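Novice: predicted model follows, preceded by the sequence.
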Amino acid sequence: MSQSATQPPAPPLAELSLTGDLARPVRLTVPDLLAWPQHRVGVSFECATSGVQHHRFAGPLLHDVLRDAGPGFDPARRKDRLRFLIAVTGADGHHALLTWAEIDPDFAHAPVLLAVGIDDTPLDRAGPQLVLPQDRCGARHISGINAIRVDGRYPSWA
């Protein structure tokens, strides 16, 4: 009997769904995210349960990935971009909400990553992590992202 016949199959790669007001909604894996320019950042943040954490993350900018999915706004109209929200969900049910202005180079230009690796360990099976280097606390760091929804079509409050 060969060794491969006795080994259990490797777990599937984690997938992330990009949905919402996008021209090109898509499902992506960590290997897919390697197609974008990779950024590296050292991050320190306070975790409510484990104290101060220090990690090194690598991955593409959230802005680059979402821009390529074709958000439903006119990129030449800055104010049009301001109405878009980004909801991020992890496999454990943890959620975070960002505005397009946070990641847009014309506004806050925060270097928010979709990390594909942490401390030189690939996240292929666990799924990408949302990393906000500018946040002092880690509450918006989402592990095992399985969904990102871009939304600019909510009803008027008037």
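Specialist: Looks like it arrived, so ask away. All values derive from a computational prediction rather than experimental measurement.

Novice: so for Q7, what's the pLDDT?
Specialist: As predicted, Q7 sits at a pLDDT of 83.

Novice: what's around it, how many residues?
Specialist: The tally of other residues near Q7 (other C-beta atoms under 10 Å) stands at 8. For every residue, glycine as well, the C-beta is placed using N, CA and C.

Novice: would you map the strands across the protein?
Specialist: For the chain, the strands defined by DSSP state E cover 15-20, 26-29, 39-47, 51-59, 85-90, 95-99, 113-115, 117-118, 121-122, 129-131, 145-151.

Novice: export the ones you listed as a markdown table, with columns for mean neighbour count and mean pLDDT.
Specialist: Listed next are these as a markdown table, based on neighbours: other C-beta atoms under 10 Å; pLDDT from 0 to 100:
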| stretch | mean neighbour count | mean pLDDT |
| --- | --- | --- |
| strand 15-20 | 18 | 97 |
| strand 26-29 | 16 | 98 |
| strand 39-47 | 14 | 91 |
| strand 51-59 | 15 | 93 |
| strand 85-90 | 19 | 98 |
| strand 95-99 | 15 | 97 |
| strand 113-115 | 28 | 97 |
| strand 117-118 | 19 | 96 |
| strand 121-122 | 12 | 96 |
| strand 129-131 | 24 | 96 |
| strand 145-151 | 20 | 98 |
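
Novice: reformat those strands as TSV; add distance to R77.
Specialist: Output for the strands of the chain, formatted as TSV (distance: least, C-beta to C-beta, whole Å):
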stretch	distance to R77
strand 15-20	19
strand 26-29	24
strand 39-47	27
strand 51-59	29
strand 85-90	17
strand 95-99	16
strand 113-115	26
strand 117-118	36
strand 121-122	39
strand 129-131	27
strand 145-151	16
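
Novice: nearest to L66, of those?
Specialist: strand 145-151 (6.1 Å; C-beta to C-beta).

Novice: what is that closest one packed up against?
Specialist: Helices and strands touching strand 145-151, by 3 or more C-beta pairs under 8 Å, 6 or more residues apart in numbering; DSSP states H and E, are strand 15-20, helix 62-68, strand 85-90.

Novice: by contact count, what packs against the last one?
Specialist: Taking 3+ C-beta pairs under 8 Å, 6+ apart as contact, the helices and strands that strand 85-90 lies on are strand 95-99, helix 100-103, strand 145-151.

Novice: repeat that with 10 Å
Specialist: For strand 85-90, the packing partners by 3 or more C-beta pairs under 10 Å, 6 or more residues apart in numbering; DSSP states H and E come out as strand 15-20, helix 62-68, strand 95-99, helix 100-103, strand 129-131, strand 145-151.
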